[in-house]
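Undergrad: Any chance you can model this:
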Amino acid sequence: MKKPQLLLSILLVLTNQAFCGLLDDGNAKHAKGDLDGAIADFTKAVELKPDDNTAYNNRGGVKADKGDLDGAITDFTKAIELKPNDAFAYNNRGNAKKAKGDYNGAITDFTKAIELEPNYAPAYNNRSIAEYSKNDFDGAIADSTKTIELKPDYADAYDGRGNAEEAKGDLSGAIADYTKAIELKPDDAGAYNNRGTAESSKGNLNGAIADYTKAIELRPAYADAYKNRGYAMSLKGDLGEAIADYSKAIELKPNDAGIYINRGNMKKATGDLNGAITDYTKSIELKSDDADAYNNRGIVKKAKGDLDGAIADFTKVIELKPVNAAAYVVRGNAKYGKRDLDGAIADYTKAIELKPDYAGAYNNRGLVKKAKGDLDGANADFTAAKENTK
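TA: Alright, predicted model coming up:
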């Protein structure tokens, strides 16, 4: 062998050794949570061998874990350019697109991965998640089922199929799948939480509470499990326990507007009207377009005698949901309380326009007409109320 060829061979060997070493180091750092260090190693590997897709794939995975989804997609795309038949790279890019909310793009990538590797169980499972996110529950069930055929011990596939079945109203099927997921993965807090939700929907509140409690034992900072257990407690009438769970959920997830509404509802039910208003107000601060928070706060303000405040809140509900007939009725009630009889009649009339069979609106309008001395109009409305009472 000529000397230049020998030197070239030695250089190639050293380059490969360095490349593999950087990959190993990057993978080790990734596993330890040193994401910046891992990216640095994979970047050096890319510089050493820019035509090898492995380092791009690995770096993309770390970028995805860091939340740099665009950077991850760029790396996975480069990996695919270098190796167009790499199902793993398509699956990875699909996951990054899914995380960005690009479900159509994700499904396209998962489908390509499946075309390249027809027995690639993770690609079927990931496609099912994207389909579920698009409300394609039948597609999600089909792909979860295929995942299970290929890998019967794939706990996440049972959990995912359970989610789709629950969304379709098949609570028994969902519970069976969540139970199987738990058998395969007994430390999966999410599966317990999901089964609890299905049990609650079936009316098995004790079973639901037991599952939420187990989820919390497995993951003590699981805000959604506290929120869900609080809701189950509220359905059982354990309002104090519900408030305690909602408070813990808020402590863990302070920017979740919905939890404040739930706790506000419980405070209202226990007579803590000021506390309820505080919670509804916080919910509105976090999510200013939430009609339910304005509606509930308006109801409490009316109960406290703050009719102007109630009318303002109900007006905001109507701005957000102009076809909400009930909002016109409650605003009409507040106007009636202020003796704004014409304003009340106008609101009840609008509610009836939106919902012609609204018995309560007819009845309330009849009461106002009676108060105004319009007895014929009042009797006509009372008759309509009776005719539309179901």
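Undergrad: what residue is smack in the middle of the chain?
TA: residue 133 (9.4 Å; CA atoms, centre = their mean).
Undergrad: For it, which non-adjacent residue is spatially closest?
TA: Sequence neighbours aside, residue 103 is the residue nearest to residue 133 in space, at 5.2 Å (criterion: CB to CB, 6 or more residues apart in numbering). From N, CA and C alone the C-beta is placed, and that goes for glycine too.
Undergrad: Do a quick rundown of the helices in the stretch 251-390 of the chain.
TA: For the stretch 251-390 of the chain, the helices defined by DSSP state H, counting those that start in this stretch cover 257-269, 273-286, 291-303, 307-320, 325-337, 341-354, 359-372, 375-388.
Undergrad: Redo those helices as TSV? Include mean pLDDT, distance to residue 121 and mean neighbour count.
TA: Below are the helices of the stretch 251-390 of the chain laid out as TSV (pLDDT from 0 to 100; distance: least, CB to CB, whole Å; neighbours: other CB atoms under 10 Å):
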stretch	mean pLDDT	distance to residue 121	mean neighbour count
helix 257-269	98	35	23
helix 273-286	98	40	20
helix 291-303	97	41	22
helix 307-320	98	44	20
helix 325-337	97	48	23
helix 341-354	98	50	20
helix 359-372	97	54	21
helix 375-388	96	55	15
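Undergrad: returning to that earlier point: OK, contacts around the residue nearest to residue 133?
TA: Contacts of residue 103 were listed using CB atoms under 8 Å, 6 or more residues apart in numbering, and they are 97, 130, 131, 133, 134.
Undergrad: what's residue 117 sitting at in phi/psi?
TA: Backbone torsions for residue 117, taken as degrees, to the nearest 10, come to phi -130, psi 90.
Undergrad: Excluding chain neighbours, what is closest to it?
TA: That would be residue 87: by CB to CB, 6+ apart, it lies 4.0 Å from residue 117.
Undergrad: got the contact list for the one you found?
TA: Contacts for residue 87 (CB under 8 Å, 6+ apart) come out as 112, 113, 114, 116, 117, 120, 123.
Undergrad: let's see it at 7 Å
TA: By CB atoms under 7 Å, 6 or more residues apart in numbering, the contact list for residue 87 reads 113, 116, 117, 120, 123.
Undergrad: Then residue 75?
TA: Residue 75 sits in contact with 56, 59, 60, 63, where contact means CB under 7 Å, 6+ apart.
Undergrad: how does it look with 8 Å?
TA: Taking CB under 8 Å, 6+ apart, one finds 56, 57, 59, 60, 63 in contact with residue 75.
Undergrad: just residue 218 next, same as before
TA: Contacts for residue 218 (CB under 8 Å, 6+ apart) come out as 187, 188, 189, 192.
Undergrad: Sort out which residues of stretch 171-180 are buried, please.
TA: 171, 173, 174, 175, 176, 177, 178, 180 (16 or more other CB atoms under 10 Å).
Undergrad: chain center to that stretch, what's the gap?
TA: 20 Å (CA atoms, centre = their mean, to the nearest Å).
Undergrad: what comes into contact with that stretch?
TA: With CB under 8 Å, 6+ apart, stretch 171-180 has contacts from 155, 158-159, 161-163, 165-166, 191-192, 194-195, 198-199, 201-202.
Undergrad: need the next SSE after the one helix or strand residue 106 maps to, C-terminal direction.
TA: Taking DSSP states H and E as the criterion, residue 106 maps to helix 103-116. The element immediately downstream of helix 103-116 (helix or strand, assigned by DSSP H and E) is helix 121-133.
Undergrad: quick one: average pLDDT of that following helix?
TA: Taken as a whole, helix 121-133 has an average pLDDT of 98.
Undergrad: list the helices and strands the helix or strand just after it packs on?
TA: As assigned by DSSP H and E, the chain's next helix or strand after helix 121-133 is helix 137-150. Counting by 3 or more CB pairs under 8 Å, 6 or more residues apart in numbering; DSSP states H and E, the packing neighbours recorded for helix 137-150 are helix 121-133, helix 155-167.
Undergrad: Could you list every helix and strand that the last one packs against?
TA: Just to be clear, that refers to helix 155-167. helix 121-133, helix 137-150, helix 171-184, helix 189-201.
Undergrad: do the first one as well
TA: Where contact means 3+ CB pairs under 8 Å, 6+ apart, helix 121-133 is packed against helix 87-100, helix 103-116, helix 137-150, helix 155-167.
Undergrad: Domain boundaries for the protein, per the record?
TA: Residue ranges for the domains of the chain, per automatic domain parsing: 203-288, 308-390.
Undergrad: could you dump those to TSV with distance to residue 139?
TA: Shown next, in TSV, are the domains of the chain (distance: least, CB to CB, whole Å):
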stretch	distance to residue 139
domain 203-288	25
domain 308-390	31
